[in-house]
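K.L.:
Pasting the sequence and the predicted model now:
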Amino acid sequence: MLEWVRKNKVWTIMIVLIFLLAFWLRADFLTSVKHNISHDSKYYNELVHRLVDKGIYAYKEEVPNARVTPGYPLFMTAMYLIGNQIGVEYFPLIRWAQVLISLASLALMYIIAMQATKNKWIALITIFIGAIYHPFIWTTGAVLTETLALFLLMAYISMQMYAFKTGRIRDAAIAGVLLGLTVLVRAEFLPLFVPLYGVFLLQQWSKNRSASIGERKPLSAVFKKVVLMGVVTGLCLSATMLPWWIRNIVTLNEFVLTASQSNPFSAGTYPDKNYEDRIVPKEKWMTQSDYAWARIKAGFTTQTWTYVKWYTVGKLKYTYSHMFFGAGHSPIFYAYPKVAYLHLLLVYSSIITLLGLIWRWRHPGVMLAVVLVIMSMIRLVFVPEYRYNFTVMPIFIIFSVWLGVLILQKLWALVSNRRAA
């Protein structure tokens, strides 16, 4: 490492300056605004005190439940205990810890960009944009899952891509553990490894098919190796979540895969978030989930076009068209003007890269496209919120920068050729 730094002094200085800029922006934000406490933060806070004082894990209730996954509440609990030991209020401590986690996420974005593109300029510009992208700054002040979930997701994606490169069972196992930790913070990432391994299997089959006859392996051997890696990832994911499953069975007398809260699914059945819509009457015997399914059935039957639009472009537009502002703060913190334009540029320009990777599905970077597509499809099931675009924004940044660098390279080559002529 030290040898690499000595040989790449200028590059190292640029990276250090970007991280210093990122730290300064986040520190300036934390110390210059008044932070709001969202209702989720309030209920998390009550959960932590209930857990520490009474030993009861319960969200919005006084009796044990599994309405939210335990990853972030346990992180908050750890900060609470540390804060008590050192005499510091734990909300500010959480925010400063999230600054460090945010910086670690930038480092992982650099690694992922290198894994996907093998272009150090793309990686460098990616972390520069990540350093100044306002939602990444704002969420450090939010006592919410976003900052921690982003870090764990980036760690999982990086390790999963590394496992695909090495083909080692050990790396697949670590990827499973990291995905398990991610799911314990944000449950929607649970099925992510399945399509990733599906695409990896297709890539390995194509690679084996295009190899010379002497280097080809039996298709059964290729299949077994990929399936074994996938099974190991799944088992390690399960092992990581096992304590949570056991707790739910022992305490609640039921198996809860991730969390029992169904409100996001139910709320997603209202087109354009019109909660006054009563397409079907709600019977007394109906649970929230029952009523949601009744609404979906009636909606696609009697208002087909409205529901088709809502469950496709409607929810996607709502999710990705705006930035996530964190938990709210005042006065609004802007490091530079017209911040919304950067977000829109990142989202819309990434579509070109996404389509290109789908066409060139054998490229290692297609794994990022798979994550983006699968998570977007999962988002269609639930109520759309701007905060749900937060965890995949690093992929948008990489894709946008990738496109920009390719365009600049093409223009430079064109200018160089004309000068040579």
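P.N.:
Thanks, I have it.
K.L.:
C-alpha from now on. contacts and neighbour counts both.
P.N.:
Will do.
K.L.:
Wait, L148 touches Q98, no?
P.N.:
Yes. Using Cα atoms under 8 Å, L148 is in contact with Q98, at 7.2 Å.
K.L.:
hey, where'd the helices end up in the stretch 51-200 of the chain?
P.N.:
Residue ranges of the helices in the stretch 51-200 of the chain, as given by DSSP state H, counting those that start in this stretch, are 71-86, 90-117, 120-132, 134-138, 146-166, 169-185, 193-210.
K.L.:
and the third one, how far from the chain's centre?
P.N.:
The chain centroid and the centroid of helix 120-132 are separated by 18 Å under Cα atoms, centre = their mean, to the nearest Å.
K.L.:
Check the first one too.
P.N.:
The chain centre lies 23 Å from the centre of helix 71-86; the measure is Cα atoms, centre = their mean.
K.L.:
which outside residues touch it?
P.N.:
For helix 71-86, the surrounding residues in contact (Cα atoms under 8 Å, 6 or more residues apart in numbering) are 44, 47-48, 52, 89-90, 93-94, 144-145, 148, 181-182, 184-186.
K.L.:
quick one: low-confidence parts of the stretch 251-400 of the chain?
P.N.:
262 (pLDDT under 70).
K.L.:
can we see that at 80?
P.N.:
261-263, 283-284 (pLDDT under 80).
K.L.:
ok so, going back, out of the helices of the stretch 51-200 of the chain, flag the one nearest K9.
P.N.:
With Cα to Cα as the criterion, K9 lies closest to helix 120-132 of the helices of the stretch 51-200 of the chain, at 14.3 Å.
K.L.:
Compute the inter-axis angle for that closest one and helix 90-117.
P.N.:
If you take axes from the mean of the first three to the mean of the last three Cα atoms, to 10 degrees, helix 120-132 sits at 160 degrees to helix 90-117.
K.L.:
excluding its backbone neighbours, what's nearest P271?
P.N.:
W310 (5.6 Å; Cα to Cα, 6 or more residues apart in numbering).
K.L.:
So that neighbour sits against D272, correct?
P.N.:
Yes. Between W310 and D272 there is a contact under Cα under 8 Å: 7.0 Å.
K.L.:
Which of these two has more residues huddled nearby?
P.N.:
W310 (22 against 16; other Cα atoms under 10 Å).
K.L.:
where's the more buried one relative to K273, distance?
P.N.:
According to Cα to Cα, to the nearest Å, W310 stands 10 Å off from K273.
K.L.:
Kindly report the same for T312.
P.N.:
Separation of T312 from K273 (Cα to Cα): 14 Å.
K.L.:
Which residue is the nearest non-sequential neighbour of L344?
P.N.:
Computed as Cα to Cα, 6+ apart, the closest residue to L344 that is not its neighbour in sequence is S321, at 6.8 Å.
K.L.:
How about the contacts made by that neighbour?
P.N.:
344, 347, 386.
K.L.:
ok, those vs T240, which is closest?
P.N.:
Y386 (29.1 Å).
K.L.:
Now for that closest one, how many residues are close by?
P.N.:
17.
K.L.:
Surely it is in contact with L316?
P.N.:
No. Using Cα under 8 Å, Y386 makes no contact with L316, being 10.0 Å away.
K.L.:
my guess is R67 contacts A259, does it?
P.N.:
Yes. Look at R67 against A259 with Cα under 8 Å: they come within range, at 5.1 Å.
K.L.:
re the thing from before, specify which member of the contacts of helix 71-86 is nearest to L235.
P.N.:
Using Cα to Cα, the contacts of helix 71-86 come closest to L235 at L181, 13.2 Å.
K.L.:
Help me confirm that that closest one comes into contact with T240.
P.N.:
Yes. If you go by Cα under 8 Å, L181 and T240 touch, sitting 6.9 Å apart.
K.L.:
ok, L179 to V256 distance?
P.N.:
Taking Cα to Cα, one finds L179 at 18 Å from V256.
K.L.:
Let me fix that, I meant to ask about M79.
P.N.:
From M79 to V256 the distance is 26 Å (Cα to Cα).
K.L.:
Could you check which of those two is surrounded by more residues?
P.N.:
Between M79 and V256, counted using other Cα under 10 Å, M79 has the larger neighbour count: 21 against 18.
K.L.:
Return the residues in contact with the closest residue to Y334 other than its chain neighbours.
P.N.:
Closest residue to Y334 apart from its sequence neighbours, by Cα to Cα, 6+ apart: H134 at 7.4 Å. Residues near H134 by Cα under 8 Å, 6+ apart: 334-335, 339.
K.L.:
Now secondary structure and neighbour count too, for the residues you listed, in a markdown table please.
P.N.:
Formatted as a markdown table, these follow (DSSP: H, G, I helix; E, B strand; the rest coil; neighbours: other Cα atoms under 10 Å):
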| residue | secondary structure | neighbour count |
| --- | --- | --- |
| Y334 | coil | 14 |
| A335 | coil | 15 |
| V339 | helix | 15 |
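K.L.:
Save the residues you listed as TSV, and put in distance to L190 too.
P.N.:
Shown next, in TSV, are the contacts of H134 (distance: Cα to Cα, whole Å):
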residue	distance to L190
Y334	34
A335	35
V339	32
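K.L.:
Looking at these, which one is closest to K224?
P.N.:
Distances from K224 to the contacts of H134, taken by Cα to Cα, are shortest for V339, at 48.5 Å.
K.L.:
Touching stretch 225-243 from outside, list them.
P.N.:
167-169, 172-181, 184, 193-194, 197, 200-201.
K.L.:
State the mean pLDDT of that stretch.
P.N.:
For stretch 225-243, the mean per-residue pLDDT is 97.
K.L.:
do the same with stretch 115-133
P.N.:
On average, stretch 115-133 scores 97.
K.L.:
repeat for stretch 39-56
P.N.:
Average pLDDT, stretch 39-56: 95.
K.L.:
isn't A163 right up against A172?
P.N.:
Yes. Counting by Cα under 8 Å, A163 touches A172, with 5.4 Å between them.
K.L.:
neighbour-wise, which of those two wins?
P.N.:
A172 (26 against 19).
K.L.:
what's near enough to touch the more buried one?
P.N.:
Residues near A172 by Cα under 8 Å, 6+ apart: 159-160, 163-164, 229-230, 232-233.
K.L.:
same deal with F399?
P.N.:
346, 349-350, 353-354.
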